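Colleague: What shape does this take:
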Amino acid sequence: MVAIELAIRTLISTGLSGIRVRIYSDNKGVVGALRRGCSRGPQQNLILRKIVELMQKHNLWVEPQWVSTHDNIADAPSR
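Modeller: Residues are numbered from 1 along each chain as shown. The predicted structure follows:
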């Protein structure tokens, strides 16, 4: 979830607003939480709340998409 917040902050820093962004993740928990707007974990909910604030403030819309670990091109560099 922190990586999603960081990605959104990076987009904001470039001056982008009023856009839709598809974010691919191999973490089903993160994808589900972003789609539902809540998580079982209180820490994740705090981060999710911040993500929603940022999205609303900067008119961004995140479309989370699950991708298998095998197909995730960002998986190897993140390890």
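Colleague: From now on I want contacts and neighbour counts done on CA atoms only, so please keep to that.
Modeller: Noted.
Colleague: low pLDDT regions in this protein?
Modeller: 75-79 (pLDDT under 70).
Colleague: one more time with 90, if that's ok
Modeller: 1, 3, 16, 69-79 (pLDDT under 90).
Colleague: farthest residue from the center of it?
Modeller: His70 (19.6 Å; CA atoms, centre = their mean).
Colleague: Quick one: classify that residue as helix, strand or coil.
Modeller: His70 carries the three-state label helix when classified by DSSP: H, G, I helix; E, B strand; the rest coil.
Colleague: Let me see the contact set for it.
Modeller: By CA atoms under 8 Å, 6 or more residues apart in numbering, His70 lies in contact with nothing.
Colleague: quick one: the strands in the chain?
Modeller: Using DSSP state E, the strands found in the chain span residues 19-25, 60-66.
Colleague: residues of stretch 3-18 that come out buried?
Modeller: Ile4, Glu5, Ile8, Leu11, Ile12, Ser17 (16 or more other CA atoms under 10 Å).
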